[in-house]
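>>> quick one: sequence plus predicted model below, questions after.
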Amino acid sequence: MLVEHGGRRPRIDPTAWVAPTAVLSGAVSVGPGAVILHGAVLTAESGADLIVGRECVVMEQAVLRAAGRFPLQLGEQVLVGPHAYLTGCTVGARCFIATGAMVFNGARLGEACVVALDGKVHVDTELPDGARVPIGFIAFGRPGRIYPPDQAPVVHAELDRLSFVRYVFGIEPEGKRRAQIMDELLRKYTRALAAHRNDQVVEPEGSEQSDG
């Protein structure tokens, strides 16, 4: 399904293939030879672009999101596994993002990185070419440091200093209770997402998508 959002619609190279049950919404560009499999969701909101490079594969039920000041770009020949979640990040060429892995806003992965099963690359993290995030591990920081799962509290402490809600949502948390932060966050987020009310399902334009 192709969806026009905010007056912008997906563009698919004639040599790419998008499964009929995938959803592409907004300014999503799919490059030559790329394949988007069943149930994947690629959405670009609030003026951001989402770019899928040449010969990428986005597998079943993966979610890719670009929004506002966080565009999303996959370099060429990137594999995104089933149920992976990527938002507002830049992924270098020939990276492997495994099943259930997550890459968050502002993260930048160099070429040929691996994020293994259930690995996480957190906000504002930079990984060099060839970096590996093992199964269940967490990458965080500039330069990125790799933390084992049992050190998640250390990552939380670092995130508190950065402030996730300030970095991602532009909300100042200082002096506010958690309930106040969530009230402000959801008021802002629901207003932004309500723009989808005006979305329209569109047909591929001309030969944008090949039958072969």
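Now that the structure is in, tell me what you want to look at.
>>> only C-alpha atoms from now on, for both contacts and neighbour counts.
Fine.
>>> and the helices in the protein, which stretches?
Along the chain, counting by DSSP state H, helices occupy 152-162, 164-169, 178-193.
>>> pLDDT weak spots in the protein?
Along the chain, segments meeting pLDDT under 70 span 205-212.
>>> so what's Arg178 up against?
With contact set as CA atoms under 8 Å, 6 or more residues apart in numbering, Arg178 has no partners.
>>> oh sorry, the question was meant for Gly130
Here Gly130 is in contact with 110-114 (CA under 8 Å, 6+ apart).
>>> repeat that with 7 Å
110-113 (CA atoms under 7 Å, 6 or more residues apart in numbering).
>>> what do you get for Thr99?
Contacts of Thr99 by CA under 7 Å, 6+ apart are 81-84, 117-118.
>>> which of these has the most neighbours?
Counting neighbours by other CA atoms under 10 Å, Ala84 comes out on top of those with 24 neighbours.
>>> that residue contacts Ala101, doesn't it?
Yes. Ala84 is in contact with Ala101 according to CA atoms under 7 Å; the separation is 4.8 Å.
>>> hmm, what's the outermost residue in this structure?
Gly175 (30.6 Å; CA atoms, centre = their mean).
>>> and Arg11, how many neighbours?
Arg11, neighbours per other CA under 10 Å, totals 19.
>>> can you tell me the closest non-neighbouring residue to it?
Nearest residue to Arg11, sequence neighbours excluded (CA to CA, 6 or more residues apart in numbering): Ser29, at 4.8 Å.
>>> now the helices of the chain in TSV, with distance to Val23?
Formatted as TSV, these follow (distance: least, CA to CA, whole Å):
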stretch	distance to Val23
helix 152-162	32
helix 164-169	24
helix 178-193	16
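>>> out of these, nearest to Glu203?
Across those, Glu203 has its closest neighbour in helix 178-193 (22.9 Å, CA to CA).
>>> just to revisit the earlier point, next, format the contacts of Thr99 as a markdown table and append distance to Phe169.
A markdown table is the format used below for the contacts of Thr99 (distance: CA to CA, whole Å):
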| residue | distance to Phe169 |
| --- | --- |
| Gly81 | 27 |
| Pro82 | 27 |
| His83 | 24 |
| Ala84 | 22 |
| Leu117 | 27 |
| Asp118 | 24 |
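>>> which of those residues sits closest to Arg132?
Nearest to Arg132 among the contacts of Thr99, with distances taken as CA to CA, is Leu117, at 11.3 Å.
>>> hang on, the earlier thing: quick one: which of the contacts of Gly130 is nearest Pro71?
Among those, and counting by CA to CA, the member closest to Pro71 is Gly110, at 16.3 Å.
>>> OK, contacts around that closest one?
91-92, 127-130.
>>> mind checking how far the residue nearest to Arg11 is from Phe96?
As judged by CA to CA, to the nearest Å, Ser29 and Phe96 stand 20 Å apart.
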